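Enquirer: Generate a structure from the sequence data that follows.
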Amino acid sequence: MNRREMIAAAGATFGSALLTACDSTGPARAAGALTFAQHKNETLERALFSHRSRDRVAPGVGVAGDKFPSYFISDRVPIWDAAMRGAWRLEVGGMVSRPMAFSLDDLMRLERQTQRVNHYCVEGWTAVADFTGVPVSALAAACGVDPASRFVDFESFDDGYHESWDIESAMHPQTIIVYGKDGSPLSAAYGAPARVHSPVKYGYKNTKYLTRVMFLPAANGGYWSDRGYEWYGGL
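Expert: Numbers count the residues shown, from 1 in each chain. Below is the predicted model:
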């Protein structure tokens, strides 16, 4: 059974259980049960999370290259227009002692990490790529993140797309701000100038076309999370 089939089966089972308790007032009565289930699910995922775990690509598996699917929510591929918006910068702020704005060159001068990892889509497919970038933990250290920060929001110029993460997943060693893919600069189709990527989260949590990283005291939802997808989105 693949991930899509498993999710569908679990959803059907849980949905049937909820429907047995519904009356003429409709599914809004299920809101409490759904919220309870979401909190329990997140608690379990957080308990299973480990900084010692690493995603490893199976031996002999190569990168997907241009067969790696690309997604965005705008009507066309988002491209940063420097003439209209000025030079691109990645702002890092929120609960930090030193808010900063990084150019692409600035990011490339920080700690560099290249990793061959899996990209897991909630729809059921997986693709492999070599991603190069700077660990989010290195950005946090450079900006002096407040130890009380518990969440990180990744904001985008792709029609306002954003997703917030738990701080533990954001600080995982394989969570990086990517500016290179498969040995070349990141292209517009895959989120240029920079995107976040980590194999510890499903693809929809990995915001592309980054403009801002905000360290926060509380979760800030997200584009797909606000549309019914699971907020935690962990693997």
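
Enquirer: Show me which strand runs longest in the chain.
Expert: strand 126-135 (DSSP state E).

Enquirer: Report all helices and strands that that strand contacts.
Expert: Using 3 or more C-beta pairs under 8 Å, 6 or more residues apart in numbering; DSSP states H and E as the contact test, the elements touching strand 126-135 are helix 104-109, strand 113-120, strand 176-181. Any C-beta I mention is one placed from the backbone N, CA and C, and that applies to glycine too.

Enquirer: Comparing those, which comes out most buried?
Expert: strand 176-181 (a mean of 24; mean count of other C-beta atoms under 10 Å).

Enquirer: mind checking the end-to-end distance for stretch 146-160?
Expert: Criterion C-alpha to C-alpha, to the nearest Å; first-to-last residue distance in stretch 146-160 is 26 Å.

Enquirer: Do me a favour and average the pLDDT over that stretch.
Expert: On average, the pLDDT along stretch 146-160 is 98.

Enquirer: What residues sit buried inside it?
Expert: Neighbour-count burial for stretch 146-160 flags 149, 151-158 (criterion: 16 or more other C-beta atoms under 10 Å).

Enquirer: Residues in contact with the longest strand of the chain: which ones?
Expert: Contact with strand 126-135 is made by 57, 61-64, 67-69, 107-108, 110-121, 173, 175-183, 194, 197, as judged by C-beta atoms under 8 Å, 6 or more residues apart in numbering.

Enquirer: picking that back up, indicate which one of the helices and strands packed on strand 126-135 is closest to Val92.
Expert: The closest of the helices and strands packed on strand 126-135 to Val92 is strand 176-181. By C-beta to C-beta, the value is 9.5 Å.
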